[in-house]
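below: sequence and its predicted model.
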Amino acid sequence: MSINECFKSTRLLYRPYQQEDLQTFVEMSHEDSRRRWFYFQEPDCLTPAFWAKIINNNIAAWSKKVNLLEEKAGYDMAIILKSTGALIGSVGLTKYHGPEIELKDIEIGYHFREVYQGCGYGTEAAIAAVGWGFTELHKLGTEPKIVGKAEFENTASRLVLERAGFRYVHSEPYLSVYEIFN
């Protein structure tokens, strides 16, 4: 996939980040729901410099051949509402948390602007991202498995995973862990 291509689901478009996304991501990082669940990124995630780096890493990752097993930046996608063209959130798949921590499995992550939460977009985006991820993992000749993690108290995120077809596996400190196979 090139930097300008995207895939689609019923109501949403998915594409790599663009420089024009900077202000929206900064605004989103200041929303209460994002700050509640991404507290471990503060205060850095509140700055334009943080998001500029994230966007540049994303552009660099998408400029190469997609390999979910090797790209340390992961593959995050901006989620665009087809009906308005608005950037409403992000969904991504990664095998790494930063350059040093390699995960056992591919992990899905997502977040949405508050005004678009509770509309079913999370489930739609998770299903689309998992479908794309399974396709990419098959190309690499690996057994497709994707995990999702949500804090116990984050009922909305846990419901997104369940509605997208993930099954609960076990608990870790503060987290419920889910998985899905193709």
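Arrived safely. Numbers count the residues shown, from 1 in each chain.

how about residue 124, nearest residue that isn't a chain neighbour?
Nearest residue to residue 124 in three dimensions, chain neighbours excluded: residue 9, at 5.1 Å (CB to CB, 6 or more residues apart in numbering). C-beta here means a position set from N, CA and C on the backbone, and glycine is covered the same way.

now residue 30
Among residues not flanking residue 30 along the chain, residue 46 sits closest, at 6.2 Å (CB to CB, 6+ apart).

now do the same contact list for the one you found.
Residues near residue 46 by CB atoms under 8 Å, 6 or more residues apart in numbering: 26, 29-30.

next: residue 156.
Listed by CB under 8 Å, 6+ apart, the contact partners of residue 156 are 117-118, 122.

which SS state does it fall under?
The three-state label for residue 156, taken from DSSP: H, G, I helix; E, B strand; the rest coil, comes out as helix.

and residue 161, by the same measure?
Applying three-state DSSP: residue 161 is helix.

count the neighbours of it for me.
For residue 161, the count of nearby residues is 26 (other CB atoms under 10 Å).

how close does it sit to residue 172?
According to CB to CB, to the nearest Å, residue 161 stands 14 Å off from residue 172.

great, nothing more from me.
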